[in-house]
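> Below: sequence and its predicted model.
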Amino acid sequence: MAAITAKDVAALRAQTGCGMMDCKKALVEADGNFDEAVKVLREKGLAKADAKQSRIAAEGLVDILSCKECGLTAMIEVNTETDFVAKNDGFKAFVKAVLKTILKNKPADVEALLACTLDGSDVTVEAEVKNQTFVIGEKITIRRFVLVEGPVGTYIHGAGATGIVISFEADDAVANNEKFAEVGKNIGMQAAAMNCLYTNREDVPASVLEEEKKILLAQISNDPKNANKPDAIKEKMVVGRINKYYETNCLAEQAYVKDEDLSVTQYLDAEAKEMGGSLKLKAFYRYEKGEGLEKREDNFAEEIASMLK
């Protein structure tokens, strides 16, 4: 049997991130063969990764990457169990590699993405997700991504807590202007702060609009001051108030946060004029980390009690 040194164990731990005892046992099982020991740990690690799939992963980060040469921008949300892991440089590098993979392969959905070869490696994205789970010791999930073509503005808030991609219709005079990036970021900050639902009033579904009109009509009718007003007058009041709904929920019609005398559209028109071209909002994409997911709740008192037992 080959002699297992502390140096061998430390080297294996440095490469795999596994515990010292796990590394020693793997080396013993592999009779001192380093590559075989890595294989042993990976095989056990994959089994551990599968077992972690039932855990809650609602932390993580949102990241964005643009490719000027191909005219594409990708945004992704990758979830982990704890915020601590999301701050790890190795994890951040993995997310960047996945973004590069998206830009290169243009997958249709997450399933297709998982089958792609990870940029800069010879393994699939799915295999590397399992490997990251194995090394880090937490469940990792690629939740969603979006690929946007054409001129965009981007903004990431809170070190990956929220990501925004603003898609614009812009001519070359604006898209090639140095100031365009700043303008796009400003609108991204607006979308992050105001959490609007739609881009333009034309994007509001008819069903949503009808429901809002019913609510407004009921509010007006229930106001004693309006009780005796004709229905035609009430209908006109609804039309007036529905504009307020647009101003609240449509990004293009919101008051611009840096100058509330202007709407977002008016701000863009003014900036486009200064840049000598045209600029209009096309769409926006907003990812908030863990949005809609069940959150993990740690009860440290119970955890300590269980450890004492």
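Cool, the structure landed.
> In space, what's closest to Phe34 - neighbours in sequence excluded?
Leu12 (6.7 Å; CB to CB, 6 or more residues apart in numbering). From N, CA and C alone the C-beta is placed, and that goes for glycine too.
> Pull out the buried positions in the helix or strand that contains the one you found.
Element membership for Leu12 (DSSP states H and E) is helix 6-16. Buried residues in helix 6-16, counting neighbours by 16 or more other CB atoms under 10 Å, are found at Asp8, Val9, Leu12, Arg13, Thr16.
> What of stretch 146-166?
Neighbour-count burial for stretch 146-166 [16+ other CB under 10 Å]: 146-148, 151-157, 160-166.
> now swap in stretch 261-277 and tell me
Ser263, Val264, Thr265, Tyr267, Leu268, Glu271, Ala272, Met275, Gly277.
> how about low-confidence regions in the protein?
Low-confidence segments of the chain (pLDDT under 70): 1, 14-18, 42, 44-58, 294-309.
> okay, now the domains of it?
Following automatic domain parsing, the chain resolves into domains at 6-54, 61-149, 201-281.
> got these as a markdown table, with distance to Asn186 columns?
Listed next are the domains of the chain as a markdown table, based on distance: least, CB to CB, whole Å:
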| stretch | distance to Asn186 |
| --- | --- |
| domain 6-54 | 41 |
| domain 61-149 | 16 |
| domain 201-281 | 7 |
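> Go through these and pick out the most buried.
domain 61-149 (a mean of 18; mean count of other CB atoms under 10 Å).
> For it, measure first residue to last.
End-to-end distance of domain 61-149 (CA to CA, to the nearest Å): 22 Å.
> Same question for stretch 220-239.
Using CA to CA, the two ends of stretch 220-239 sit 12 Å apart.
> Please list the residues outside it that contact it.
With contacts defined as CB atoms under 8 Å, 6 or more residues apart in numbering, stretch 220-239 is touched by Lys213, Leu216, Leu217, Arg241.
> how about Gly150, what does it touch?
Gly71, Ser167, Phe168, Glu169, Ala170, Lys282.
> Pull out the buried members of those residues.
Here, 16+ other CB under 10 Å leaves Ser167, Phe168, Ala170 buried among the contacts of Gly150.
> would a markdown table of those with distance to Met194 and secondary structure be doable?
A markdown table is the format used below for the buried ones among the contacts of Gly150 (distance: CB to CB, whole Å; DSSP: H, G, I helix; E, B strand; the rest coil):
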| residue | distance to Met194 | secondary structure |
| --- | --- | --- |
| Ser167 | 17 | strand |
| Phe168 | 18 | strand |
| Ala170 | 22 | strand |
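> Can you verify my assumption that Glu149 contacts Cys67?
No. When contacts are counted by CB atoms under 8 Å, Glu149 is not listed as touching Cys67 (10.4 Å).
> okay, and the common contacts of these two?
Thr73.
> Name the nearest of the buried residues of stretch 261-277 relative to Glu59.
Closest to Glu59 out of the buried residues of stretch 261-277 is Val264 (31.4 Å), distances taken as CB to CB.
> Is that closest one in contact with Glu247, as I believe?
No. Val264 is beyond contact range of Glu247, at 10.1 Å (criterion: CB under 8 Å).
> can you map out the strands along the stretch 1-150 of the chain?
Using DSSP state E, counting those that start in this stretch, the strands assigned to the stretch 1-150 of the chain run over residues 61-67, 72-79, 141-149.
> closest one to Ala108 among those?
Among the strands of the stretch 1-150 of the chain, strand 141-149 sits nearest to Ala108 (CB to CB), with 9.4 Å.
> List of residues touching that closest one?
So strand 141-149 is in contact with 57, 60, 71-79, 98, 102-103, 106, 110, 113-114, 125, 129, 165, 167, 283, 285, 287, 293, going by CB under 8 Å, 6+ apart.
> let's see 6 Å
By CB atoms under 6 Å, 6 or more residues apart in numbering, the residues outside strand 141-149 that reach it are 57, 72-79, 102, 110, 165, 167, 285.
> mind giving me TSV with the contacts of stretch 220-239 and columns for distance to Leu197 and secondary structure?
Below are the contacts of stretch 220-239 laid out as TSV (distance: CB to CB, whole Å; three-state DSSP):
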residue	distance to Leu197	secondary structure
Lys213	16	helix
Leu216	17	helix
Leu217	21	helix
Arg241	17	helix
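> Nearest to Lys179 among these?
Of those, the one sitting nearest to Lys179 (CB to CB) turns out to be Arg241, at 36.7 Å.
> Can you tell me the closest non-neighbouring residue to that closest one?
Leu216 (5.0 Å).
> gap between the one you found and Ile136?
According to CB to CB, to the nearest Å, Leu216 stands 51 Å off from Ile136.
> and what of Met237?
Separation of Met237 from Ile136 (CB to CB): 58 Å.
> Touching, Asn200 and Leu251? I think so.
No. Under the criterion of CB atoms under 6 Å, Asn200 is not in contact with Leu251, lying 7.8 Å apart.
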